[in-house]
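K.L.:
Please find the sequence and the predicted model below.
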Amino acid sequence: MTEKRPTYLSGDERLDDLARMVLELTSEVWVLKDRTMVLEHLLAAKGTLAEAEIDQFQPAAELAAVLRREREALLARVLGALLPSDDRVKSALSR
């Protein structure tokens, strides 16, 4: 059974899909920004990291692979916002 999807913009399903995707992306961006700002503040306050080090950092292969997997998961969540709710739930549970 597929439940009725919530309506956000004019009842147009494709616009609602885009609205859902933008809201998901905005949520993800805020979480990342908040955590990054807190981490940078704590590291700078403890004198363990200079801001330039972050901009110049090049990850080793293992970390690069982790970053790639996380990027792919983020894209799956954001682009998955376009899927019907049943498909979104199945996708989330399969991760």
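P.N.:
Noted; the coordinates are in hand. Numbering: from 1, shown residues only.

K.L.:
rest of the way, CA atoms for contacts and neighbours
P.N.:
Noted.

K.L.:
buried set for the host helix or strand of Glu53?
P.N.:
Assigned by DSSP states H and E, Glu53 falls within helix 51-56. Under the neighbour-count criterion of 16 or more other C-alpha atoms under 10 Å, helix 51-56 has nothing buried.

K.L.:
Relative to the whole chain's centre, how far out is that helix?
P.N.:
Remark: helix 51-56 is offset 23 Å from the chain centroid, using C-alpha atoms, centre = their mean, to the nearest Å.

K.L.:
Also stretch 26-39?
P.N.:
9 Å.

K.L.:
repeat for stretch 25-33
P.N.:
How far stretch 25-33 lies from its chain's middle: 6 Å, per C-alpha atoms, centre = their mean.

K.L.:
Give me the residues contacting that stretch.
P.N.:
Stretch 25-33 has contacts (C-alpha atoms under 8 Å, 6 or more residues apart in numbering) with 74, 78.

K.L.:
List the buried residues in that stretch.
P.N.:
Leu25.

K.L.:
in the helix or strand of the chain with the lowest mean pLDDT, what's buried?
P.N.:
Taking mean pLDDT, DSSP states H and E as the measure, the helix or strand of the chain with the lowest value is helix 85-93, at a mean of 72. Buried residues in helix 85-93, counted by 16+ other C-alpha under 10 Å: 85, 88.

K.L.:
Next secondary structure after the helix holding Glu53?
P.N.:
Counting by DSSP H and E, what follows helix 51-56 is helix 61-80.

K.L.:
so how far is that next one from its chain's centroid?
P.N.:
Remark: helix 61-80 is offset 9 Å from the chain centroid, using C-alpha atoms, centre = their mean.

K.L.:
and Arg77, how many residues sit next to it?
P.N.:
Residues lying near Arg77 (other C-alpha atoms under 10 Å) number 19.

K.L.:
how close does it get to Glu24?
P.N.:
With the distance defined as C-alpha to C-alpha, to the nearest Å, Arg77 ends up 8 Å from Glu24.
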